[in-house]
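Trainee: take this sequence and fold it.
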Amino acid sequence: MTRVVVIGGGGGMAQPALRLLAGPGDLDLVVADVRRDAAERAAESVGATAVGLDVRDASALRDAIESADLVVNMAGPFFRFALPVLEAAIGVGTHYIDICDDWEPIEAMFALHDRAVAAGVTALIGMGASPGLSNLLAAIAVRHLDHVVDLFTAWPVDVDLDGKRLAAAASGEVGTSAAAVHWMQQISGSVMTVRAGELVATTPLESISLDYPGRGHGNACIVGHPEPIMLRRSLAPSGSSANLMVVTDGTGAFLDGLRRDIDRGELTVDAAAVELDRPSPTRIARAGLSSLRRRGPGKLPGFFALARGIRGGIPATAAARLLTAPHGMAGITGIPLALAARQLLAGTVTERGVVGPESVLDPEALFEALAPHCEPSASRWTDVVRVDVG
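Mentor: Residues are numbered from 1 along each chain as shown. Alright, predicted model coming up:
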């Protein structure tokens with residue numbers, strides 16, 4: 001029987017993925033987590049096997065995955081744990097997939113491409129919501145241009161997606177988890193974006209003005225994520241590329257206050273994650289005043305990719321946005337991961353090496369598979385994604 005080891009499988013983010021992977025009962029599913037009790041609870045809920053695993057123990061990590069056919073890495077934050085788990089998977093010749101949403105390890109992960117090819121390994125990195133679905137939306141958008149200049153991906157923090165909120169801050173799913181630490185890491189210091197086709201360090205939360213075809217104008221904020229690095233490799237925008245948060249004025253001001261305190265050394269990213277969950281009245285009041293100077297999302301949709309470039313010799317914009325999605329942060333992240341993992345196991349992804357979703361997956365097929373898992377559910381990929389061209 002095909003063996004799949006889900007690392008970080010005891011966390012809340014992993015539960016929708018576990019349920020989908022376990023569904024047909026055709027896998028030998030192993031739930032691995034540094035918290036053995038959490039692994040056991042998750043494993044019991046889906047009829048899997050549980051193991052305690054600290055990925056910082058290289059020997060234990062290798063022992064846990066050496067007999068696996070696929071390693072599913074959901075152990076965040078990924079700026080700490082993505083690279084060692086990928087290296088271990090390549091070392092034992094095991095296929096790999098993750099939801100890595102930190103930009104810091106991405107270049108080092110792509111640098112393992114030749115080693116993965118030599119080992120016969122497909123390592124599909126960044127296959128969650130953002131990156132993941134965002135990359136596939138970008139792939140759809142650029143098909144409507146002859147030449148891509150600028151390419152942006154965006155996800156919602158506290159704005160609606162057709163009347164439904166998806167992101168962590170709006171759904172209360174972050175708390176002081178690895179997701180919150182990730183978020184604080186990616187709004188502080190410098191983050192990587194693309195300008196004039198080259199990677200450059202940028203201050204996060206910088207406002208970007210966009211005109212969305214058929215909807216109008218709005219602003220979104222730069223956040224550190226892998227998409228600019230990944231899409232520069234695969235879709236080659238010649239101008240700018242960044243991952244953006246679509247966020248209201250008040251929340252943007254609150255996050256900017258945390259960013260400033262982290263950058264001044266007054267907060268660690270871990271302490272900021274706690275403050276995110278339980279903000280002080282003083283910080284809330286300061287954010288309220290600062291929000292008066294910020295520009296809001298306007299007419300922008302919640303979750304989209306937008307490409308600016310040339311079509312037929314004239315400037316044009318093409319965008320693709322989600323109309324519906326699985327419920328909550330865990331659903332919109334874990335379910336796409338599990339669907340892509342099923343494709344890897346079925347052998348429909350044949351390319352070896354370290355690859356991004358947009359390089360090896362058929363976007364329409366993935367969204368078609370995602371459709372019945374959305375709320376509200378859909379029957380076709382065109383009910384999940386809308387393409388807008390202007």
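Trainee: which residue lies farthest from the center of this protein?
Mentor: In the chain, counting by CA atoms, centre = their mean, residue 313 sits farthest out from the average C-alpha position, at 33.6 Å.
Trainee: if I look at that one, how far off is residue 145?
Mentor: For residue 313, the distance to residue 145 (CB to CB, to the nearest Å) stands at 12 Å. For glycine as for every other residue, the C-beta is placed from the backbone atoms N, C-alpha and C.
Trainee: got it, and residue 231?
Mentor: Distance from residue 231 to residue 145, by CB to CB: 13 Å.
Trainee: more neighbours: which of these two?
Mentor: In this view residue 231 and residue 145 are compared by other CB atoms under 10 Å, and residue 231 has more residues nearby, 29 against 20.
Trainee: could you pull out the strands for the stretch 151-300 of the chain?
Mentor: 191-195, 198-202, 207-212, 216-222, 241-246 (DSSP state E, counting those that start in this stretch).
Trainee: select, out of those, the one closest to residue 109.
Mentor: Across those, residue 109 has its closest neighbour in strand 191-195 (13.5 Å, CB to CB).
Trainee: quick one: the closest one to chain centroid distance?
Mentor: Averaging C-alpha positions (CA atoms, centre = their mean, to the nearest Å) puts strand 191-195 17 Å from its chain's average.
Trainee: what angle do it and strand 216-222 make?
Mentor: Orientation of strand 191-195 against strand 216-222 (axes from the mean of the first three to the mean of the last three CA atoms, to 10 degrees) gives an angle of 130 degrees.
Trainee: residues of strand 191-195 that come out buried?
Mentor: 191-194 (16 or more other CB atoms under 10 Å).
Trainee: what is the burial count for the closest residue to residue 8 other than its chain neighbours?
Mentor: Nearest non-adjacent residue to residue 8, counting by CB to CB, 6 or more residues apart in numbering: residue 75, 3.3 Å away. Neighbour count for residue 75, taken as other CB under 10 Å: 28.
Trainee: same for the strand or helix carrying residue 89, what does it pack against?
Mentor: According to DSSP states H and E, residue 89 maps onto helix 78-92. Helix 78-92 is packed against helix 58-65, strand 70-73, strand 95-98, helix 106-110, strand 122-124, helix 178-186, with contacts defined by 3 or more CB pairs under 8 Å, 6 or more residues apart in numbering; DSSP states H and E.
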